[in-house]
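Visitor: Predicted structure and sequence below. I'll ask about it afterward.
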Amino acid sequence: MLKMPRMSATPGRKLVVGLLAAIALVLLAIPGTAVPARKIVIYGANSGSKLTLTKRHHKILVKGNMARQHPRGCHFTRGHRRALCSARNIHMIEIQMGPSGDFVRIKKKMPVPVTVYLGPGRDKFIGNGERDFCYPGGARRNRCVGGPNNDVCITGNRNSDCVGGPGNDYCRHGRGSDGCWGGRGNDICIMGPGEDGCHGGPGRDRLYGGSGADQLYGGPGFDYCNGQRGWGKSHHCDAGPRR
């Protein structure tokens with residue numbers, strides 16, 4: 001029986017075999033049951049809302065007056081005043097409030113970070129143990145109150161307050177006479193134009209004033225205070241250009 005001569009592998013064939021092997025390894029590394037993470041989005045009513053969020057097992061219950069726009073990742077269970085959301089495979093909860101006065105409270109710690117946009121009305125947000133990102137909007141006397149985590153508060157250009165609580169918090173203010181309370185932790189406070197007050201609290205804080213006569217309060221711990229262009233005053237600070 002005649003034997004066929006053995007064919008030598010060409011460079012092109014070697015390249016194809018190598019690519020097929022690499023693709024097979026990548027496919028083996030990808031879990032077959034992987035589900036992409038998703039985001040829950042809740043919309044407050046234009047007429048004003050008092051929303052509360054709580055967690056029950058693998059569900060998130062939202063109570064309060066919501067917009068007619070269907071919430072993302074949830075379904076209404078009682079008109080537009082109650083919604084139920086699945087907490088499986090989510091990476092964020094986003095709350096978008098309307099133009100009127102609103103109150104949003106997280107009654108039980110959420111399993112993922114919460115981002116809330118309070119809108120133009122006189123609003124208040126109270127977080128819990130999750131990480132909170134709060135944007136008070138442009139109305140006067142808006143307030144964001146975080147919980148025991150590393151929270152972020154970025155205000156608009158009217159008088160607004162940021163209250164951090166335990167954790168390494170970050171607050172940045174726009175124009176207006178604003179207040180920032182970092183609480184226990186290593187906090188960063190950046191004030192804008194206006195006569196502002198910044199309270200670091202216990203921890204290693206970094207406090208920066210704006211162009212107005214701001215008051216910077218360090219507190220227990222090694223704190224850095226910098227009034228920058230303003231002519232305010234620093235209290236209980238350990239480093240920085242103190243006046």
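Guide: Ah, there it is.
Visitor: Which residues does stretch 189-200 contact?
Guide: Counting by C-beta atoms under 8 Å, 6 or more residues apart in numbering, stretch 189-200 makes contact with 157, 159, 171-182, 187, 205-219, 221, 223, 232, all of which sit outside it. Bear in mind the C-beta positions are built from the backbone N, C-alpha and C, glycine included.
Visitor: For this protein, just list every one of the helices.
Guide: 11-29 (DSSP state H).
Visitor: Pull out the buried members of the contacts of stretch 189-200.
Guide: 159, 171-182, 187, 205-210, 212, 214-219, 221, 223, 232 (16 or more other C-beta atoms under 10 Å).
Visitor: Can you give me the pLDDT of residue 22?
Guide: Note on residue 22: pLDDT of 48.
Visitor: Which ones among the buried ones among the contacts of stretch 189-200 map onto strands?
Guide: Of the buried ones among the contacts of stretch 189-200, the ones assigned to strands by DSSP state E are 171, 172, 179, 180, 181, 206, 207, 208, 215, 216, 217.
Visitor: Please name the bridge partners of the second one.
Guide: Read that as residue 172. residue 154, residue 190 (DSSP bridges).
Visitor: again with the third one
Guide: Residue 179 has these beta-bridge partners by DSSP bridges: residue 161, residue 197.
Visitor: That one contacts residue 162, doesn't it?
Guide: Yes - Residue 179 lies in contact with residue 162 (C-beta atoms under 8 Å); the separation is 7.4 Å.
Visitor: before we move on, the earlier item: tell me the one of the ones in strands among the buried ones among the contacts of stretch 189-200 nearest residue 108?
Guide: residue 181 (23.4 Å; C-beta to C-beta).
Visitor: show me what contacts the residue nearest to residue 116 when sequence neighbours are not counted?
Guide: In this structure, residue 116 finds its nearest non-sequential neighbour in residue 95, 4.3 Å apart by C-beta to C-beta, 6 or more residues apart in numbering. With contact taken as C-beta under 8 Å, 6+ apart, residue 95 is in contact with 41, 42, 44, 51, 53, 104, 114, 115, 116, 117.
Visitor: farthest-separated two in these?
Guide: Largest pairwise distance in the contacts of residue 95, by C-beta to C-beta, is 14.8 Å, between 53 and 117.
Visitor: The two: which is more packed in?
Guide: residue 53 (24 against 16; other C-beta atoms under 10 Å).
Visitor: Okay, and the beta partners of the more buried one?
Guide: With DSSP bridges as the rule, residue 53 is bridged to residue 62, residue 106.
Visitor: For the residue nearest the centre of the chain, which residues are in contact?
Guide: Residue closest to the average C-alpha location in the chain (C-alpha atoms, centre = their mean): residue 133, at 2.3 Å. For residue 133, the contact set (C-beta under 8 Å, 6+ apart) comprises 113, 114, 115, 116, 151, 152.
Visitor: Of those, which belong to strands?
Guide: 114, 115, 116, 152.
Visitor: Give the closest residue to the second one in space, chain neighbours not counted.
Guide: By the measure of C-beta to C-beta, 6+ apart, the closest residue to residue 115 outside its immediate chain neighbours is residue 133, 4.3 Å from it.
Visitor: give me the low-pLDDT residue ranges for the protein?
Guide: 1-36, 138-139, 230, 242-243 (pLDDT under 70).
Visitor: so who does the residue nearest to residue 109 when sequence neighbours are not counted touch?
Guide: Nearest residue to residue 109, sequence neighbours excluded (C-beta to C-beta, 6+ apart): residue 129, at 3.8 Å. Shown in contact with residue 129 (C-beta under 8 Å, 6+ apart): 109, 147, 148, 149.
Visitor: Check residue 118 too.
Guide: Contacts of residue 118 (C-beta under 8 Å, 6+ apart): 97, 102, 104, 124, 125, 134, 135, 136, 137, 139, 142, 144.
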